[in-house]
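> build me a model:
(chains A and B)
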Protein chains: 2
Amino acid sequence: MKIRGSDGPRLRRINLAATLRAVREGPPVGLTELAARAGLSRPTVEGLVEELLGQGWLSETPRESGRMGRPRRLFRFRAEAGHVLGIDVGASSVRAVVCDLDGEVTGRFSVRAEASSGRAERLAAMRSAVPGALDDARVPAGAVLAVCVGTTGVVTGAGTVKLSVSLPEWTGLDLAAEVGRDFDAPVLVENDCNLAALAERWAGVAQQVDDVVFVLSGMRTGCGMLIRGELHRGRRGAAGEIGALPLVGWHRAPSHLAAFPGLPPGTAPEETGGLVFAAARSGDPAARWAVEQFAHDLAEGIAALVLTVDPDLVVLGGGVSRSADVLMEPLRRHLDPLCLEPPALAISGLGDQAVVLGAVRHALDHVDARLYDVDAPLPAPRAPGA
Amino acid sequence: MKIRGSDGPRLRRINLAATLRAVREGPPVGLTELAARAGLSRPTVEGLVEELLGQGWLSETPRESGRMGRPRRLFRFRAEAGHVLGIDVGASSVRAVVCDLDGEVTGRFSVRAEASSGRAERLAAMRSAVPGALDDARVPAGAVLAVCVGTTGVVTGAGTVKLSVSLPEWTGLDLAAEVGRDFDAPVLVENDCNLAALAERWAGVAQQVDDVVFVLSGMRTGCGMLIRGELHRGRRGAAGEIGALPLVGWHRAPSHLAAFPGLPPGTAPEETGGLVFAAARSGDPAARWAVEQFAHDLAEGIAALVLTVDPDLVVLGGGVSRSADVLMEPLRRHLDPLCLEPPALAISGLGDQAVVLGAVRHALDHVDARLYDVDAPLPAPRAPGA
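I've put the predicted structure just below:
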């Protein structure tokens, strides 16, 4: 980025971005402090603040008295000037969460789905979860500045599901177009494990680290990763697809749980893991053996990831995160000898909310990037006025 | 980075960096063009140029006439104001290369070593290669601004070889301290495959891409990687160590070549690969079988890397890069079915120079970072004067 003195409108856009950033650094702030934070003169900042007030990106909070007894104007970022929507389309449920531009959740709604649902039924579940969350947040669809949908499978940059093993009917779906129909806002589509990795770094157990491998485990196994704090998707969106390598055991892992003879007939796939781990917890030898085999196969794929990426932290999420007390001992026993050194391993702090919170975070990052992109005009708020 | 108007020396440092960058963008340049490139006023740039001339970072080239017939002053970056040294400590040789700050190679020297050498002999070979390259460049050790040493194994951030399988006597060596004794300059130590990846992106087959997996293959197998154009080392410097996972065949791969019955007795390890590939090229069935097995095992590890990282390009280097005509067909045949899509695969363009050129590039990046680091004083050239 070059700052050219001759380039007035561009310089103004740069200064608007600096002012917005400075306001968002903390609680309501006065002009003098704002000028210092933004590295600009007080008169310049005053003009920029007036413009941002007029657009509806800032509001003025009630005056307080300054140190000299004079009333002082204080300004804050209007987090309610727009909202983002995150959606997690899973095998057995669709979750939607709405939040404001500070990342405060203002609405949520979930709809059950059947693992055996067809494409149309799953899309219908999504179309019912979304208005539920918007209603809960008391926000119209027009106030949404960005949408992010998390889904299983390999996703193209344009938002089509290229391949989903766990939801075969989903393969080939242009999910960005399906969701885009209902919104006048950018729609991002992202692999669910990638979003869970983002969420753990935002609000879960990976807040202090930059290279994160998130492993989703349960009746399916998947992986998402952050390198230097950013999503690493790979050339074709297929980073983390180590489960496709038959040499490492991820493709077999869930079958050990499904084969536990103590399962009641007709147990739903999403309940299998919990039942096996519960039986293992109470000492059932067949269940313990199933968990042992499961841990063995899970460890092989995690070891391949660790030996390739050497991350700061592996986060284990999905169904198994509720059964860490049973799983961690055998997993460590199988995993550590496969690695050069025992890797740092943590259980997801967000459980079944990880994907939808990651979707919200990804949408927020998109909005922030537009606010701070000095090569494009400042976007308009979606809820103008103060 | 915040630019604060009140902070004069800091602003001057920022402007010095901007001026240096602008001069280095192209051929010798006049003040008017330089001011435009740097986004600064002509009088400001004139003062900065005088300072850089005085320090010896810039020099003035013979005047030419401007469009109006007036003589015009032209300035260039003094690439000879310092040099960097790259060293590749391999099993059977030590290579050293000296280059100027534009990356032009000005000297090189190689010394043979024995794979069976002890630590002291290998260090002695290094101490003989380094002055050879400096002499060849006619550059004193005091003119070196940064040194980078490439070595096999896992290297700590501080420059100690934590673990080397192929050079066991090297494990535990504080290589940064050993080399640092001879130089008044920072000494970087880096895994050799990481450096080869850097070199391929600088001057080899990976110039157009950002996510690169370099696979060294021959009588040992190793991996280095770039993510978003930068080295990815991992938390403990152990990224790319997929060969440590017995499930994928890298640990076995070289043994198929060594077991080829057509090898003359007493064949040195570094000659084995070439002989087997030559025999396979001329149709020897036992050699072809050895190559087939080798390709099978090499493919397993590459597939694990590809399915984890999904890179833009896999570069195959090391000894096998001279035998691509024999290896590529069986390698593709084993690799592609293991991956979701056939990965992009290229043969190293730099051969046995990849590591030492990567060392030079890494040292140059370090010098550039110091030149442009606005939070630290501008370093002094090591060959002052114009």
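> when you work out contacts or count neighbours from here on, use the C-alpha atoms and nothing else.
Will do.
> give me the beta-bridge partners of the closest residue to A:His362 other than its chain neighbours?
Spatial nearest neighbour of A:His362, excluding adjacent residues (Cα to Cα, 6 or more residues apart in numbering or on different chains): A:Cys148 at 6.7 Å. A:Cys148 has these beta-bridge partners by DSSP bridges: A:Gly86, A:Leu188.
> okay, and the helix or strand of chain A with the least pLDDT?
Within chain A, no helix or strand scores below strand A:58-65, which has a mean of 80 by mean pLDDT, DSSP states H and E.
> just the C-alphas of stretch A:249-256, formatted as PDB.
Extracted C-alpha coordinates of stretch A:249-256, given in PDB (Å, rounded to 0.1, in the frame of the first residue of the first chain):
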ATOM      1  CA  GLY A 249      -7.500 -45.500   9.600                       C
ATOM      2  CA  TRP A 250     -10.100 -42.700   9.500                       C
ATOM      3  CA  HIS A 251     -12.300 -44.500   7.000                       C
ATOM      4  CA  ARG A 252     -12.500 -47.400   9.400                       C
ATOM      5  CA  ALA A 253     -12.800 -45.600  12.700                       C
ATOM      6  CA  PRO A 254     -16.600 -45.100  13.000                       C
ATOM      7  CA  SER A 255     -17.200 -48.700  12.000                       C
ATOM      8  CA  HIS A 256     -15.800 -49.900  15.300                       C
END
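> which parts of it are buried?
For stretch A:249-256, a neighbour-count test (16 or more other Cα atoms under 10 Å in any protein chain shown) marks A:249-254, A:256 as buried.
> ok, A:Asn194 to A:Ala115 distance?
21 Å (Cα to Cα, to the nearest Å).
> can you give me every residue that contacts A:Ala120?
Contacts for A:Ala120 (Cα atoms under 8 Å, 6 or more residues apart in numbering or on different chains) come out as none.
> find the helix or strand that the closest residue to A:Val97 other than its chain neighbours is a member of.
Of all residues beyond its chain neighbours, the one nearest A:Val97 is A:Arg108 (4.3 Å), with distances taken as Cα to Cα, 6+ apart. For A:Arg108, the host element (DSSP states H and E) is strand A:105-112.
> can you tell me what sits against that strand?
A:92-100, A:125-126, A:128-130, A:132-138.
> any idea how far it is from the chain center?
15 Å (Cα atoms, centre = their mean, to the nearest Å).
> kindly report the same for stretch A:208-221.
Using Cα atoms, centre = their mean, the offset of stretch A:208-221 from its chain centre is 12 Å.
> now do stretch A:359-373
12 Å.
> show the average pLDDT along it.
Mean pLDDT, stretch A:359-373: 96.
> and stretch A:332-340, by the same measure?
Stretch A:332-340 comes out at a mean pLDDT of 97.
> what's the spacing between that stretch and its chain's center?
29 Å.
> per-domain residue ranges of chain A.
As recorded under automatic domain parsing, the domains making up chain A are A:8-77, A:82-197+A:354-371, A:205-349.
> could you dump the ones you listed to CSV with distance to B:Pro62?
Output for the domains of chain A, formatted as CSV (distance: least, Cα to Cα, whole Å):
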stretch, distance to B:Pro62
domain A:8-77, 37
domain A:82-197+A:354-371, 47
domain A:205-349, 46
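> weakest of these in terms of mean pLDDT?
domain A:8-77 (a mean of 88).
> run the chain-centre distance for that one.
Mean-position distance between domain A:8-77 and its chain equals 30 Å (Cα atoms, centre = their mean).
> re the thing from before, who's more crowded, A:Asn194 and A:Ala115?
Using other Cα atoms under 10 Å in any protein chain shown as the criterion, A:Asn194 and A:Ala115 rank with A:Asn194 on top: 32 against 16.
> in contact with that one: list those residues for me.
By Cα under 8 Å, 6+ apart, the residues touching A:Asn194 are A:214, A:223-226, A:231, A:233.
> in the strand or helix carrying it, what counts as buried?
A:Asn194 is part of helix A:192-203, with elements assigned from DSSP H and E. By 16+ other Cα under 10 Å, the buried positions in helix A:192-203 come out as A:192-202.
> count the residues that sit near A:Pro28.
Using other Cα under 10 Å, the number of residues around A:Pro28 comes to 16.
> helix or strand for the nearest residue to it once chain neighbours are set aside, which one?
Excluding the flanking residues, the one nearest A:Pro28 by Cα to Cα, 6+ apart is A:Arg76, at 4.7 Å. Per DSSP H and E: A:Arg76 is located in strand A:71-77.
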